[in-house]
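# the following block contains a protein sequence and its predicted model.
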Amino acid sequence: MTDFRIVEYRPGQEGEIIELISSIQREEFNINITPEQQPDLKAIPSFYRTGAGNFWVALAGDHVIGTVALKDIGDSTAALRKMFVAPAWRGKDTGVAASLLDTVLAWAREKGFRVIYLGTTAQFLAAHRFYEKNGFEAVARESLPDAFPVMGVDSRFYRFAVCR
């Protein structure tokens, strides 16, 4: 089950992306957020592919099993967003989450980003451990740049210093 690849988002994948993210948010973590409250998912090119931002999917065959995005928020700073992995593909053994993060960090270095911020919910405890293990440091909401797109469900924030 470790046969997957990371590719840049292609138009037409929105339905699977929305289904993956929404099902994890609602069914697994009981987060009361709808796809309509996440309009970025229906406008991936115009929301994420501005400046040096991008959006990637992990695919098993042609099926979306993971997502991650990097939004350029200016001043060599980015927001890591929409990092989700299907339950069956989680864990160190599959390597999906690590590959998604490696893809984002390589892109960030290549594009000259200095700092990446991210927001997440209190419920995503495994995600907190994953980010911390990979060099992200918890920060207070007040220390986020003004351009950081805080989602209503975000209650925990992280910062990563990108080095070349």
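Nice, I can see it.
# just checking, what packs against the lengthiest helix in the chain?
Among the elements of type helix in the chain, defined by DSSP state H, the one spanning the most residues is helix 96-111. Under the contact criterion of 3 or more Cβ pairs under 8 Å, 6 or more residues apart in numbering; DSSP states H and E, the helices and strands touching helix 96-111 comprise strand 5-8, strand 54-60, strand 63-74, strand 77-85, strand 115-120. To be clear about C-beta, it is placed using only N, CA and C from the backbone, and glycine gets the same treatment.
# how far does stretch 31-38 stretch from start to finish?
From the first residue to the last, stretch 31-38 extends over 13 Å; the measure is Cα to Cα, to the nearest Å.
# contacts for that stretch, please.
By Cβ atoms under 8 Å, 6 or more residues apart in numbering, the list of residues contacting stretch 31-38 from outside reads 18, 21-22, 25-26, 41-42, 121, 123, 151-153.
# need the max-distance pair from those residues.
With Cβ to Cβ as the measure, no two of those lie farther apart than 42 and 123, at 24.3 Å.
# buried residues, the helix or strand bottoming out on mean pLDDT in the chain. List them.
Scoring the helices and strands of the chain by mean pLDDT, DSSP states H and E places helix 125-133 at the bottom, with a mean of 94. Of all the residues in helix 125-133, those buried under the rule 16 or more other Cβ atoms under 10 Å are 127-128, 130-131.
# starting at the chain centroid, how far to that helix?
The offset between the C-alpha centroid of helix 125-133 and the centroid of the whole chain comes to 13 Å, using Cα atoms, centre = their mean, to the nearest Å.
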